[in-house]
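Participant: Using only what follows, build the 3D model:
(one chain, ligands or ions: 2)
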Amino acid sequence: MLQLTEDWGEALFSALSRAGGKAFSNMAVGYNNVDVNAANKYGVAVGNTPGVLTETTAELAASLSVAASRRIVEADEFMRAGLYDGWLPHLFVGNLLKGQTVGVIGAGRIGSAYARMMIEGFKMNLIYYDLYQATRLEKFVTAYGEFLKANGEQPVTWKRAGSMEEVLREGDVISLHPILDKTTYHLINKERLSIMKKEAILVNCSRGPVVDEVALVEHLKENPMFRVGLDVFEDEPYMKPGLADMKNAIVVPHIASASKWTREGMATLAALNVLGKIKGYPVWSNPNNVEPFLNENSPPPAACPSIVNAKNLGLTASKL
Ligand SMILES: NC(=O)c1ccc[n+]([C@@H]2O[C@H](COP(=O)([O-])OP(=O)(O)OC[C@H]3O[C@@H](n4cnc5c(N)ncnc54)[C@H](O)[C@@H]3O)[C@@H](O)[C@H]2O)c1
Ligand SMILES: O=C(O)[C@H](O)CO
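Facilitator: Ligands and ions are numbered 1, 2, ... in the order given. So this is what the prediction gives:
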């Protein structure tokens, strides 16, 4: 069972295979640190831990969105520094979320859960960009909009953007939730930052290299009302020079999945991926529904919860 901080490629899979190893599992849903082709070459099953961190990660992205919008960290520092001198109309004025547009790039499990939180919680309108249509999310927003309308409130709306640029131009709060691969590396760069609203909020709880962090630091310097909430960084555990000095950045150390329930669930799923393979179990048919593996009151199904290269290795699917 491995951490996302370790890069697994040809040399390690070859060594694992020589040592008789048949399975490997990241204790993470993202597996950009794993060369799956190399694992395929040596017949090693690669596990990950989907689903169990969806809500926890989305909650952190929502927290960063609110904290950045309302300048909570800056205000906390100000208060602790003994600088508060009494109420003032212009003290830490931030952005109202209600009625604004939330932009989601990568509307998969976590992106969709985050979108729902911002829509249900703050009655924001949605614009999203993904390679695939997020049908369930669209249906939810439509139904919620109708519910609000029936109650005499302004309905929320959704739009699937034809391009990422459309989201960047229209979003007031934009949260990044794609996988990291070559199509999403430096997806947010100097040019794309320049088309965002001057007072927009950008949140990244996906992977650091999705954002060109050097360009971001420059943008933060030039646009003091542009704010970011970052859980992940290009060169973890380091930040690019200048980022730590920016008042308009909130930075936390890759804790998006750090709730007790989720971390225990991730450990359980990663262990069951490896154990299941050793026992010769088939692969669970729906890695988006891993709940049966997490029930403390009943034994887990006789299956590997999530093997990303199951098809490549010709592993059988569970009939459970
Ligand atoms: N910060 C953290 O602690 C933390 C926790 C969990 C997950 N993550 C990251 O979040 C990622 C997403 O997790 P998930 O469970 O929602 O995965 P997911 O597979 O359900 O969602 C990823 C979405 O990204 C979309 N996508 C892929 N390439 C894209 C592109 N070029 N442009 C736009 N969209 C694209 C996919 O179509 C998919 O809908 C993980 O891969 C991981 O890297 C980080
Ligand atoms: O991909 C993941 O699961 C995270 O980055 C760690 O929770």
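Participant: Which residues of the stretch 101-250 of the chain lie near ligand 1?
Facilitator: Within the stretch 101-250 of the chain, the residues that sit near ligand 1 (CB under 6 Å from any ligand atom) are 105-111, 129-132, 177-180, 183-184, 205-207, 231-232. In short, each C-beta sits where N, CA and C put it, glycine included.
Participant: cutoff 8 Å now
Facilitator: Contact residues (CB under 8 Å from any ligand atom) of the stretch 101-250 of the chain with ligand 1: 105-113, 129-132, 134, 164, 177-181, 183-184, 187, 205-207, 231-232.
Participant: Now the buried members of the residues you listed.
Facilitator: 105-113, 129-130, 134, 164, 177-178, 180, 184, 187, 205-207, 231-232 (16 or more other CB atoms under 10 Å).
Participant: Also near ligand 2: which of those residues, exactly?
Facilitator: Contacts with ligand 2 are made by 207, 232 out of these, judged by CB under 8 Å from any ligand atom.
Participant: Keep only those of the buried ones among the residues of the stretch 101-250 of the chain next to ligand 1 that are in helices.
Facilitator: In helices, defined here by DSSP state H, the members of these are 109-113, 164.
Participant: Find the pair from those residues with maximum spatial separation.
Facilitator: Comparing every pair within those by CB to CB identifies A113 and M164 as the most remote, at 20.1 Å.
Participant: Just want to check the distance between V46 and T183.
Facilitator: Here the criterion is CB to CB, to the nearest Å. By it, V46 lies 20 Å from T183.
Participant: right, I mislabeled it, should have said G86
Facilitator: 51 Å.
Participant: try K311
Facilitator: Taken as CB to CB, the span from K311 to T183 is 21 Å.
Participant: do N37 as well
Facilitator: Separation of N37 from T183 (CB to CB): 17 Å.
Participant: Whichever residue of the stretch 201-320 of the chain sits closest to ligand 2: helix or strand, and which one exactly?
Facilitator: Using CB to the nearest ligand atom, the closest approach of the stretch 201-320 of the chain to ligand 2 is made by S257 at 3.2 Å. Here S257, judged by DSSP states H and E, is contained in no helix and no strand.
Participant: If we ignore the residues flanking it in sequence, what's nearest the residue of the stretch 101-250 of the chain found nearest ligand 1?
Facilitator: Checking the stretch 101-250 of the chain residue by residue against ligand 1 with CB to the nearest ligand atom singles out G108 as nearest, at 1.9 Å. Closest residue in space to G108, ignoring its immediate chain neighbours: H177 at 6.5 Å, by CB to CB, 6 or more residues apart in numbering.
Participant: My guess is that neighbour contacts V102. True?
Facilitator: No: H177 sits out of contact with V102 when judged by CB atoms under 8 Å, with a separation of 11.8 Å.
Participant: mind checking the SS state of V228?
Facilitator: At V228, secondary structure determined by DSSP: H, G, I helix; E, B strand; the rest coil is strand.
Participant: Please report how far it lies from A67.
Facilitator: V228 sits at a distance of 11 Å from A67 (criterion: CB to CB).
Participant: Which one's more surrounded, these two?
Facilitator: Neighbour count, other CB atoms under 10 Å: between V228 and A67, V228 has more, with 24 against 21.
Participant: and the more buried one, what are its bridge partners?
Facilitator: Following DSSP bridges, V228 is listed with bridge partners L202, A249.
Participant: swap in the one 10 residues further on?
Facilitator: According to DSSP bridges, the partner residues bridging Y238 are D235.
Participant: so what pLDDT did it get?
Facilitator: According to the predicted model, the pLDDT of Y238 comes to 98.
Participant: Any idea how many residues pack against it?
Facilitator: 12.
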